[in-house]
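Visitor: Dropping a prediction and its sequence here:
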Amino acid sequence: MFIPFAKKSALVGLLVASAVAQPVLAADEYKLGLVTFLSGGAAGPFGVPAQNAANLLLETLNEGALPAPYNAKGINGRTIKPIYVDEAGGATKQSSEYRNLVERQGVDAVVGYISSGDCLAVPAVAEELKTLTVLFDCGTPRVFEDNSFKYVFRTGPTTTMDSVAASYYIKDIFPNLNAVSGINQNYSFGHESWADFYGSLKGLQADIDVPTKQFPKIYAGQYGAEISALMVNSADVIHSSFWGGDMEAFLLQGAARGLFEDQTALLTTGESAMYRLSDQIPEGTILGGRGPFGIYAPDNALNRWFRDAYSKRFGTQPTYPAYKMVQGILGLKLATEQAAAKVSGQPTTEDVVSAFEYLEYEGPGGKVSMNMGKGHQASMEMVYGRYALKDGKPAVTDVRRYAAECVNPSDDMPANEWIEKGMPGAKCN
Amino acid sequence: MKYATTMIVGAGIALLAAGLFMPGWLTFLLTLAFAKGLVVMGLLLLMRAGLVSFGQGLYYCLGAYCVGIAGDYFETQNALLLLLLAIVVCVALAAVIGLLLCRYRDIFFAMFSMAFSMILYGVLVKSSAFGSSDGFNVKPPLLFGWTPTGESGPFLAYGLAVVALVGVGIFVWRYLRSPMGYAGEAVRENEIRVEYLGASVRRIIYTKYLLAAAMAGLGGGITALAAGHIDPEMAYWTTSGEFVFIALMGGVGHAAGPVIGAVLFELLRTYAFQISPYTWQMILGIALLVIILYLPKGVWSLVERVTKGKPL
């Protein structure tokens, strides 16, 4: 009777002991925690492409084979060892896993987080544990509006500029714009995307009509009723921040019913699916990539290397989550190396923080300026274009670029207030 | 009876003392586990009466939002006051919903309780003032002028969780040995007999439902204080499902079952995350299957086998 219990307790004891024991650190190893969705609905379109990009980048960095100025080996000469964590489980779970990464696994820094909820929860823990953390993808502007953090940086631009640039773009493309409809998922990102888009469009054209706005459940998959509503209440443009399987389902079901024959779809995250769904996206659909990423990325040495290596390895072109992951890791690398140039030996976290603040660097998507959120939040230009097939291959036409100063609020103003006031101080050309 | 109370208090003091030496991640993990343990203890009361609630997330989430909203709007960070408020609000809501729910049994009770928690989830997702599905951050708690900073931050929530666990643990342990406690099992076995014996089945279930709501609210409040961030996911049915999972793992035979179940669940999940980031769900599933197959009365039955020499 007693033996199985004794065995069990011994096992539990062993487990706890191995957990409490601090891991032995190799001196020349840079342990990097990487958190993206590896399961669930956001894994396919965002988490896995980002992780693939991280894998590719870290291998190349460790060989020192990246184009300049990133050709130094690893991070400041230290070999990078990635530790992957699934982002599933919600914000509380992720706060817990963040502590595990820092205190149990002893990571030097963490790059990650796609969900905005996680990006709101994790920074407080990062501050407490004084660990450098780079948020690479999540979009809510609230992260640095509600708080100011010392150890947390976000190298990806916020969602504000997606919506603002979208309203500029459709004003440019449709001079006789009368009405826009919306279909967005019933959760924060969907609500915020629509509110920002409608708010900024209203600032540009006060008499804009909204025949219908739909907020179906996230991961609903069936949009029969919503498509009917959109067809009956016809508009010039249908705004949607759908992503992943939802976007796919909406495009398929909408196209089958002729929804996109007289109405143009505006997909703010459409770029993430343009290769996967190349046969399903109607030509003329407006695609956004949450920044100058993917097909909108400029032609520089880093981008050429990235597109080439990524498509060779994974058989498809990299989409924006992949770009943003690379941008995050490179920002961390550059800040660390710039800090190291000023001190002897390895720089402390504080040294890296002060080098990271207001850093400007070139990523595979072009210029990144950490000039918002007291130097902790990146701003970039925003690009929109329309989907077209060129020789049977997915491409974009009518590409317009909007400068970072045009589509982002100046540092001290919260995004929704900025949009409400009619975007004061925006410098557009 | 006194012996058991002393044991529980002693265990609590030992846990508090251990908290001073534990690494931060373990303190945090145990805080969350104890908070969940509190919710599952409430679930245990219902399960012993034959009622499986798939909606304890309702009170777990409501308690957390009470703490978060009150901390924001009423300008108080006093942890005890906030937790008390969470309990009061949860019991008030349960007093209304309970009138309806305690008329139902089996799958109907499970589905109805789940429906109410999903209503709260739906309302919160629509409320942009509370951050919709992203939720919002909860201000760090204080305790009578003691403002924990830096290293001692997680310890306050841990201390609260341990104290709450000891208090609720003693209560549940004694309650299960009281006539009202035994009445639960009687209801599960034969409601008509209970009525003929002169007890009101509805009142028995109603009381248990209120108690479970209070414990879930307390657990949710502690989670909010510990994690510093809350979101509507706490009311989603998968969260409630997690509580049932923990109850099955730990066993409902004893007040300690839920706590052991919760700690085991959190440890299992965090190591599953670490060891296999791609297939951690499978590890959890297999663990539950193994426990159901070999320890149908939960992990607690192992302890019973040792102490009472009971064959399985």
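Guide: Cool, the structure landed. Numbers count the residues shown, from 1 in each chain, chains lettered A, B, ... in the order given.
Visitor: Tell me, how many residues neighbour the residue of the stretch 301-429 of chain A found nearest chain B?
Guide: Across the stretch 301-429 of chain A, no residue is closer to chain B than A:Asn416, which sits at 9.5 Å (C-beta to the nearest C-beta). All C-beta atoms are positioned from the backbone trio N, CA, C, and that covers glycine. Other residues near A:Asn416 number 18, with proximity taken as other C-beta atoms under 10 Å in any protein chain shown.
Visitor: Might one say that it is in contact with A:Tyr198?
Guide: No. Here A:Asn416 lies out of contact with A:Tyr198, judged by C-beta atoms under 8 Å, at a distance of 11.6 Å.
Visitor: In the stretch 1-150 of chain B, where is pLDDT below threshold?
Guide: Along the stretch 1-150 of chain B, the model assigns pLDDT under 70 to residues B:1, B:145, B:148-150.
Visitor: picking that back up, can I take it that the residue of the stretch 301-429 of chain A closest to chain B is in a helix?
Guide: Yes. With DSSP: H, G, I helix; E, B strand; the rest coil as the criterion, A:Asn416 is part of a helix.
Visitor: Next up, the contacts around it.
Guide: A:Pro141, A:Ala195, A:Asp196, A:Gly199 (C-beta atoms under 8 Å, 6 or more residues apart in numbering or on different chains).
Visitor: per-residue confidence for the third one?
Guide: Right, the one you point to is A:Asp196. Note for A:Asp196: predicted pLDDT of 92.
Visitor: Give the closest residue to it in space, chain neighbours not counted.
Guide: Counting by C-beta to C-beta, 6 or more residues apart in numbering or on different chains, A:Asp196 lies nearest to A:Ser163, which is 3.5 Å off, once chain neighbours are set aside.
Visitor: With B:Arg103 instead?
Guide: Using C-beta to C-beta, 6+ apart and skipping residues adjacent in sequence, the residue nearest B:Arg103 is B:Arg202, 7.4 Å away.
Visitor: Can you list the low-confidence ranges for the stretch 201-312 of chain B?
Guide: Scanning the stretch 201-312 of chain B for pLDDT under 70 picks out B:309-312.
Visitor: Oh, that last question was meant for chain A, not what I typed.
Guide: Counting by pLDDT under 70, chain A contains low-confidence residues at A:1-27, A:411.
Visitor: Tell me which residues touch the most centrally placed residue in it, please.
Guide: Closest residue to the average C-alpha location of chain A: A:Asp137 at 2.4 Å, with C-alpha atoms, centre = their mean. By C-beta under 8 Å, 6+ apart, the contact list for A:Asp137 reads A:Thr36, A:Phe46, A:Ala50, A:Tyr113, A:Ile114, A:Gly156, A:Pro321, A:Lys324, A:Met325.
Visitor: Which of those fall within helices?
Guide: In helices, judged by DSSP state H, the following of the contacts of A:Asp137 are found: A:Ala50, A:Pro321, A:Lys324, A:Met325.
Visitor: before we move on, back to that, what's the spacing between the residue of the stretch 301-429 of chain A closest to chain B and A:Met382?
Guide: A:Asn416 sits 18 Å away from A:Met382, going by C-beta to C-beta, to the nearest Å.
Visitor: Over to A:Ala126?
Guide: 27 Å.
Visitor: which one of these two has more residues nearby?
Guide: Taking other C-beta under 10 Å, A:Ala126 and A:Met382 do not tie; A:Met382 has more neighbours (29 against 23).
Visitor: Once you drop chain neighbours, what's closest to the closest residue to chain A within the stretch 201-312 of chain B?
Guide: Relative to chain A, the nearest point of the stretch 201-312 of chain B is B:His229 (3.5 Å; C-beta to the nearest C-beta). Of all residues not flanking B:His229 in the chain, A:Ala121 sits nearest, at 3.5 Å (C-beta to C-beta, 6+ apart).
Visitor: Mind checking what secondary structure that neighbour has?
Guide: helix.
Visitor: Can you point out the buried residues in stretch A:364-384?
Guide: A:364-366, A:368-373, A:375-384 (16 or more other C-beta atoms under 10 Å in any protein chain shown).
Visitor: Let me see the contact set for A:Leu38.
Guide: Contacts for A:Leu38 (C-beta under 8 Å, 6+ apart) come out as A:Gly47, A:Val48, A:Gln51, A:Tyr84, A:Asp86, A:Glu87, A:Ala88, B:Pro277, B:Tyr278.
Visitor: same thing but at 7 Å, please
Guide: Contact analysis of A:Leu38 by C-beta atoms under 7 Å, 6 or more residues apart in numbering or on different chains lists A:Gly47, A:Gln51, A:Asp86, B:Pro277, B:Tyr278.
Visitor: What number of residues are in the vicinity of the spatially closest residue to it that is not a sequence neighbour?
Guide: Counting by C-beta to C-beta, 6+ apart, A:Leu38 lies nearest to A:Asp86, which is 4.2 Å off, once chain neighbours are set aside. For A:Asp86, the count of nearby residues is 24 (other C-beta under 10 Å).
Visitor: How about B:Thr31?
Guide: B:Thr31: 27 neighbours (other C-beta under 10 Å).
Visitor: Check B:Val194 too.
Guide: 19.
Visitor: swap in the one 10 residues further on?
Guide: In terms of burial, B:Ile204 registers 21 neighbours under the definition other C-beta under 10 Å.
Visitor: So which residues of the chain form helices?
Guide: I went with chain A, as the question did not name one. A:2-20, A:48-63, A:91-99, A:116-129, A:142-146, A:160-173, A:188-204, A:224-232, A:244-256, A:301-314, A:320-342, A:349-356, A:404-407, A:415-420.
Visitor: other chain: chain B
Guide: Secondary structure of chain B by DSSP H: the helices cover B:2-21, B:24-48, B:57-73, B:79-101, B:106-126, B:153-176, B:179-189, B:191-196, B:201-227, B:237-250, B:256-275, B:280-294, B:300-308.
Visitor: how about those, which one is nearest A:Thr285?
Guide: Across those, A:Thr285 has its closest neighbour in helix B:106-126 (27.9 Å, C-beta to C-beta).
Visitor: Can you check what angle separates that closest one from helix B:201-227?
Guide: Interaxial angle of helix B:106-126 relative to helix B:201-227 (axes from the mean of the first three to the mean of the last three C-alpha atoms, to 10 degrees): 40 degrees.
Visitor: what does helix B:106-126 rub up against?
Guide: By C-beta under 7 Å, 6+ apart, the surrounding residues in contact with helix B:106-126 are A:186-187, B:51-55, B:57-58, B:61-62, B:97, B:101, B:104, B:130, B:132-133, B:232, B:235-237, B:240.
Visitor: If we use 6 Å, what do you get?
Guide: A:187, B:51-55, B:57-58, B:97, B:101, B:104, B:132-133, B:232, B:235-237, B:240 (C-beta atoms under 6 Å, 6 or more residues apart in numbering or on different chains).
Visitor: By neighbour count, sort out the buried ones in the residues you listed.
Guide: When the contacts of helix B:106-126 are checked for burial by 16+ other C-beta under 10 Å, the buried set is A:187, B:51-55, B:57-58, B:97, B:101, B:132-133, B:232, B:235-237, B:240.
Visitor: Can you list the buried residues in stretch B:254-270?
Guide: Neighbour-count burial for stretch B:254-270 [16+ other C-beta under 10 Å]: B:254-270.
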